[in-house]
Structure formats: structure tokens, C-alpha cells
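**Student:** Sequence and predicted model, in that order:
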Amino acid sequence: MAFHTDRVSLRTNPSFLPKVCSEININQVIELPVFFPNHTNKLEYMLHKLGVHRQLRFYLDRTKDIRKLDQLFVSFSVARKGKPVAKTTLSKWLSDCITYTYSCHNMPLSSRVKAHSTRAFSTSSAFQAKLPLDNICAAATWSNPHTFITHYKVDKASRDRASFGSMVLKSVLP
């Protein structure tokens, strides 16, 4: 992980194997932008505070004293304190977050939420925001648009890698 003034760059764990094992997908750098770095109003400031760049710094600072490995997400439970969280725990955190967000906005969920749902929600939001399909496919590690169109397009959907995250976040604005 590397923090820059305008983004944070992440690399996947070397032991992670994506569904499509190509050199591009295995060595892909994930670029997450600073959200509204030069905020000009209260709404932009509030959204800036939600940005991944800021939240990762905060999370790393809060977990530095218990961290036992380089794994990003660590457990707070007494028995596993500082150790990597299980995939099921991370999945539950993501599902709970999506459900809570929909609940806060009084929006119905069309189906049972799973962590994998984030893939459909984010790519569909990017698509709805009219981002190029090849950038969406690259961010999702799909070799061609067929997978997205057939399995993930949720009638909702990157000029460059960093803009993908920014456009997904901006798509929820009125």
C-alpha cells in the first residue's frame, strides 16, 4: 500500500489468485482516489471524510498497536487480536455495510446481500455513470465485457483507474 497526495495504491496479497489468472490481473495495482480533495462546500467536505484514502489512514493508525502481520484487515476479537480476519468475517462486514446503507436511505434491497454483491453494485454504478466499459472490465479483472453484461449489469456501473472509484462514489449523489 502506498499513500500519495491524490490517491492510495493497493496491491493484492501475493497469495491471492483472481478468477482470471493473467499477468495483468495478478499484478494489477488498485488505485483509489482522494474523494473531493479540494472540497468547496459542506456536502463535499462530508464526502471527503468518507473517502477511502482518509479512512485507510485512520484504520491503519487505529490498528497499528495490535497489528501482527501486513494483512490489511485485522481482528479485534480477544482470541484473534491483530491476526488477519477470516474471509467470512470480511464478507459479513461488507454485507452489513451494504444493508445498513440501504436502510439509512430507506431503500429496499432487491435480494439478499452478499459481499460479492459489491461487484455488481460498483460496476453497474460505473456503467450508469457512462464510464468506458473497458475500464470497468479492467477494474473488475474481466477479460471482456460479456461477463459484465451477462451476469453483473444491474441497470444502474474510468477514464483512468483512479476515476473509477471516484465515479462510483459520485454516482450516489443526487
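**Tutor:** Structure received. Given the structure is predicted, the values throughout are model-derived calculations rather than measurements.

**Student:** Residue 115 touches residue 95, doesn't it?
**Tutor:** Yes - here residue 115 lies in contact with residue 95, judged by Cβ atoms under 8 Å, at a distance of 5.6 Å. Yep, even glycine has a C-beta here, placed from its N, CA and C like the rest.

**Student:** Tell me where this structure has strands.
**Tutor:** Remark: strands assigned in the chain by DSSP state E are 2-3, 7-11, 29-33.

**Student:** for residue 27, what are its contacts?
**Tutor:** Counting by Cβ atoms under 8 Å, 6 or more residues apart in numbering, residue 27 makes contact with residue 11.

**Student:** Give me the pLDDT for it.
**Tutor:** The model reports residue 27 with a pLDDT of 71.

**Student:** Tell me how far it lies from residue 72.
**Tutor:** Applying Cβ to Cβ, to the nearest Å, the value for residue 27 to residue 72 is 18 Å.

**Student:** One more: residue 148?
**Tutor:** Distance from residue 148 to residue 72, counting by Cβ to Cβ: 26 Å.

**Student:** and the longest helix along the chain, what's its mean pLDDT?
**Tutor:** Taking DSSP state H as the assignment, the helix of the chain that covers the most residues is helix 87-104. Here helix 87-104 scores 86 as its mean pLDDT.

**Student:** helices or strands up against it?
**Tutor:** Secondary-structure packing of helix 87-104 (3 or more Cβ pairs under 8 Å, 6 or more residues apart in numbering; DSSP states H and E): helix 117-128.

**Student:** what's the angle from the helix it packs on to helix 87-104?
**Tutor:** Using axes from the mean of the first three to the mean of the last three Cα atoms, to 10 degrees, the direction of helix 117-128 lies 50 degrees away from that of helix 87-104.

**Student:** all helices for the chain, in order.
**Tutor:** Going by DSSP H, the chain shows helices at 23-26, 42-50, 52-63, 87-104, 117-128, 133-139, 146-147, 161-170.

**Student:** out of those, which comes closest to residue 4?
**Tutor:** Closest approach to residue 4 among these (Cβ to Cβ): helix 52-63, 8.6 Å.

**Student:** And the contacts of that closest one?
**Tutor:** The contact list for helix 52-63 (Cβ under 8 Å, 6+ apart) reads 1, 3, 7, 8, 32, 33, 34, 35, 48, 74, 82, 165.

**Student:** Helix or strand with the lowest mean pLDDT in this structure?
**Tutor:** Ranking every helix and strand in the chain by mean pLDDT, DSSP states H and E puts helix 161-170 at the bottom, with a mean of 62.
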